[in-house]
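Compute the structure for the input listed below.
(2 chains)
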Amino acid sequence: MKRTIRERILNPKPNSKVAAAIEFGIDLTLLIRLIDLTPQERLQELQSTMRSFDMLREEAKKSRMKLYGRA
Amino acid sequence: MVELETAIKSLAENQVDFVIIGGVAFNLHSSAYVTYDFDFCYKRTRENLKKIVSALLLFKPKPRDFPKHLPYFFDETTLLNATNFTFQTEIGDIDLLGEVAGIGDYDSVENESVIMELFGFDVRVLSLEGLIKSKRSAGRTKDLLVLPELEALKELLEEEE
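Alright, predicted model coming up:
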């Protein structure tokens, strides 16, 4: 029976590239949802992640200014 | 941060011959890799360079290492004088590459690309196999670190069990 991508990530075949990536330390479970999106949706998700990181950086900068007097 | 939709639409509307490479291409193939710039490989014909200028001039590109107080002229001649550029623009960091490590010039990169529909345009994106080839060839630590994920993705998307 054909295994889904989710099953292949959660229970990879020994010696497969999927098994090697997991062994290397990569969290492939993040891909389960991304694979189901369209390319444009993936791009929009990347843009949203960039925005979130930008906001976090700004907040961290403000905190450093308060704590140390410099960014 | 780069405004991806604005950059891609502007290139496509100006009919630039380009192929998306780098971190954005990883993402388009479902990678969870996070990047902050937009890299593309471009065809180095005069006609295409003119189109690139039309597409990007509005966003005031300047090399990222260029002194802030000096004027920079972004035109066809500028693009003729070098092959690769790392620009800071009003819509974020955009890198233009005339060649890609392990693959070659634009025509070779185009041969290794796939077409994806983005914002109503058919846009060329370097294939997973092409990305793997280029990262393996570049061989820097940062390139080698992304290989296991790209190879796993290729296996997941291409092979059926």
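
And for residue 36, the neighbour number?
Just going to use chain A. Residues near residue A:36, counting by other C-beta atoms under 10 Å in any protein chain shown, number 12. For every residue, glycine as well, the C-beta is placed using N, CA and C.

nope, chain B
14.

So it belongs to a strand, correct?
No: assessed with DSSP: H, G, I helix; E, B strand; the rest coil, residue B:36 is coil; it does not lie in a strand.

my guess is it contacts residue B:93, does it?
Yes: if you go by C-beta atoms under 8 Å, residue B:36 and residue B:93 touch, sitting 6.6 Å apart.

Next, the contact list for residue B:75, please.
With contact set as C-beta atoms under 8 Å, 6 or more residues apart in numbering or on different chains, residue B:75 has these partners: residue B:53.

Show me what the helix or strand hosting residue B:148 is packed up against.
Using DSSP states H and E, residue B:148 falls within helix B:141-158. Packed against helix B:141-158 by the contact rule (3 or more C-beta pairs under 8 Å, 6 or more residues apart in numbering or on different chains; DSSP states H and E) you find helix A:5-10, helix A:17-24, helix A:29-36, helix B:22-28, helix B:128-138.

So for the last one, mean pLDDT?
Pointing back at helix B:128-138 there. Across helix B:128-138, the average pLDDT comes to 95.

Helices of chain B, start to end?
B:4-13, B:22-28, B:46-56, B:76-80, B:106-111, B:128-138, B:141-158 (DSSP state H).

sorry, back to before: which residues do residue B:36 and residue B:93 both contact?
What both residue B:36 and residue B:93 touch, as defined by C-beta under 8 Å, 6+ apart, is the set residue B:2.

if we can go back for a sec, for the helices of chain B, which one ends up most surrounded?
helix B:22-28 (a mean of 24; mean count of other C-beta atoms under 10 Å in any protein chain shown).

what does chain A put close to chain B?
Chain A has residues A:2-3, A:5, A:8-9, A:13, A:16-18, A:20-22, A:24, A:26-28, A:30-31, A:34-35, A:37-40, A:42-47, A:49-51, A:53-54 near chain B, with proximity defined as C-beta under 8 Å from any C-beta of the partner chain.

please redo it, this time with the cut-off set to 7 Å
Taking C-beta under 7 Å from any C-beta of the partner chain as the contact definition, chain A meets chain B at A:2-3, A:5, A:8, A:16-18, A:20-21, A:24, A:26, A:28, A:30-31, A:34-35, A:39-40, A:42-43, A:46-47, A:49-51, A:54.

can you pull the alpha-carbon coordinates of stretch B:44-56 into PDB?
Coordinates of each C-alpha in stretch B:44-56 appear next as PDB, following Å, rounded to 0.1, in the frame of the first residue of the first chain:
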ATOM      1  CA  ARG B  44      22.900  38.600 -19.900                       C
ATOM      2  CA  THR B  45      21.600  39.900 -23.200                       C
ATOM      3  CA  ARG B  46      21.400  43.700 -23.700                       C
ATOM      4  CA  GLU B  47      17.600  43.400 -24.200                       C
ATOM      5  CA  ASN B  48      17.200  41.500 -20.900                       C
ATOM      6  CA  LEU B  49      19.500  43.900 -19.000                       C
ATOM      7  CA  LYS B  50      17.200  46.800 -20.200                       C
ATOM      8  CA  LYS B  51      14.200  44.900 -18.900                       C
ATOM      9  CA  ILE B  52      15.900  44.400 -15.500                       C
ATOM     10  CA  VAL B  53      16.600  48.100 -15.300                       C
ATOM     11  CA  SER B  54      13.000  48.800 -16.000                       C
ATOM     12  CA  ALA B  55      11.800  46.300 -13.400                       C
ATOM     13  CA  LEU B  56      14.100  47.400 -10.600                       C
END
